[in-house]
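**Student:** quick one, what's the 3D model for this:
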Amino acid sequence: MKKIFFLIIINFCFINLTFTQIDNLISSLNTFNSANIYITYLLINTLIDSYSENLYSTNYILSINNDIKRICVISRSNIEKLIENNISLGNNNEYEKNLINIYNLLILEIETFNEYIINPNNIVLNTLYKYKNKALEKIEEFIIKKGE
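**Tutor:** All right, here's what the predicted structure looks like:
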């Protein structure tokens, strides 16, 4: 019932939007998504640095990592629902697919970081840095594309 009420309110609020207002709304969502993935990336890597400096307990870092992962999984799932419903903020869902790819990399980075915390070794560490670098590369590409 809450969901139906919410949809009615959203439809009522947005039914009179002009194309300019819709473009502004989409632009705002794009900015939010860009900021979210970049800040998430920074948070993960700040935790990696904090762990290497023994600034926080292992349990604390694992707990935060799990929270970040949960948010990434939920965000990815919501974006997948856009594709399933043929809703796109870009061209032919390329925008959404790029976001999903970035969230997948962030999730892999978190999972590998957790694995490293539990079982530190060079193989896991190298994999962690591989995901870290790939995530940053894709985030930069994504943000630059949106800035054009």
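**Student:** so what's A135 closest to, chain neighbours aside?
**Tutor:** L105 (4.0 Å; CB to CB, 6 or more residues apart in numbering). Where C-beta positions appear, they are placed from N, C-alpha and C, glycine not excepted.
**Student:** what helix or strand is the one you found on?
**Tutor:** L105 belongs to helix 94-118 when elements are defined using DSSP states H and E.
**Student:** tell me the gap between that helix and the middle of its chain.
**Tutor:** On the basis of CA atoms, centre = their mean, to the nearest Å, helix 94-118 is displaced by 8 Å from the centre of the chain it belongs to.
**Student:** returning to what we had before: ok, the residue nearest to A135 - contacts?
**Tutor:** Y131, K134, A135, K138 (CB atoms under 8 Å, 6 or more residues apart in numbering).
**Student:** how many other residues sit next to the first one?
**Tutor:** Spelled out, that is Y131. Around Y131 there are 20 other residues, counting by other CB atoms under 10 Å.
**Student:** which positions within the helix or strand hosting it qualify as buried?
**Tutor:** According to DSSP H and E, Y131 maps onto helix 122-147. Neighbour counts over helix 122-147 (16 or more other CB atoms under 10 Å) mark V124, T127, L128, Y131, K132, A135, L136, K138, I139, F142, I143, K146 as buried.
**Student:** gap between the residue nearest to A135 and L47?
**Tutor:** 16 Å (CB to CB, to the nearest Å).
**Student:** over to T40?
**Tutor:** For T40, the distance to L47 - CB to CB - is 11 Å.
**Student:** which secondary structure elements does the helix holding Y131 contact?
**Tutor:** Applying 3 or more CB pairs under 8 Å, 6 or more residues apart in numbering; DSSP states H and E, we find helix 122-147 packed against helix 19-52, helix 94-118.
**Student:** which of those helices sits most buried?
**Tutor:** Highest mean neighbour count among these (mean count of other CB atoms under 10 Å): helix 94-118, with a mean of 20.
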